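1. Just to be clear, the model below is a prediction. Sequence and coordinates:
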Amino acid sequence: MIGLDTNILLRWMLNDDPVQSPAARRLLQSLDESRRGFVDILVMLEFFWVLRSRYKLPRTRLVGALRDLLEVKHLEFEAFETIGKALVSYERLAADFSDAVIAMRNSELGADKTLTFDEGAASRISSMELLA
C-alpha cells in the first residue's frame, strides 16, 4: 500500500496541470489489489479545504468531488464510514464537513461529546456542544 498526499488527489481531480495531472491519473490507474493507495483522514480534510477555500467550489460540486474520490477503485480510506457519514451531514444538514468529521471521529474514539465555540456546528451536529 502507498500513501497519497493531497496534491496527488487534487491534480487528479482538477486536471489543471499539464505534467502533474497526467502523472496523478497514471498513478491512480496503476493501482490494483497488490498495490493499493491509502488516503488518511488528514488528507481528506485538506482535500476538502483546498477545493472549498482556494478553488471556491460550491457545495454540490464539493459533494460530487468527495463522492468521486471515495469511489476510486483500489483506494483505501482511513475512517471510510466516518467520511461517508460526515459527507451526508454536510450535504443534508449544512454542517461543515470538517466539523462533522471531527465530531464523528471523536465519538468513534470514545468521546461523549465534542465541545466547540462554533454555534453553527453545535446546532447542526448532535454530538457537538457549545462551550458557554
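-> Yep, it's here.
2. now the helices: where do they sit in this structure?
-> For the chain, the helices defined by DSSP state H cover 6-14, 20-30, 41-49, 59-70, 80-93, 97-108, 119-124.
3. Quick one: closest of those to A132.
-> Nearest to A132, of all these, is helix 119-124, at 9.6 Å by Cβ to Cβ. No exception for glycine: its C-beta is placed from N, CA and C like everyone else's.
4. Could you pull up the mean pLDDT of the closest one?
-> Mean per-residue pLDDT for helix 119-124: 93.
5. Summarise which helices and strands that helix is packed against.
-> Judged by 3 or more Cβ pairs under 8 Å, 6 or more residues apart in numbering; DSSP states H and E, helix 119-124 is in contact with helix 97-108, strand 128-130.
6. Please repeat the previous calculation with a cut-off of 7 Å.
-> strand 128-130 (3 or more Cβ pairs under 7 Å, 6 or more residues apart in numbering; DSSP states H and E).
7. tally of neighbours for R54?
-> 9 (other Cβ atoms under 10 Å).
8. List the contacts of the residue nearest in space to the middle of the chain.
-> Nearest to the mean C-alpha position of the chain, by Cα atoms, centre = their mean, lies M44 at 3.2 Å. Contact analysis of M44 by Cβ atoms under 7 Å, 6 or more residues apart in numbering lists F77, I83.
9. Give me the distance between it and V72.
-> Distance, M44 to V72, by Cβ to Cβ, to the nearest Å: 13 Å.
10. CSV please, covering the helices of the chain and showing distance to L131.
-> CSV is the format used below for those (distance: least, Cβ to Cβ, whole Å):
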stretch, distance to L131
helix 6-14, 30
helix 20-30, 41
helix 41-49, 22
helix 59-70, 27
helix 80-93, 20
helix 97-108, 14
helix 119-124, 9
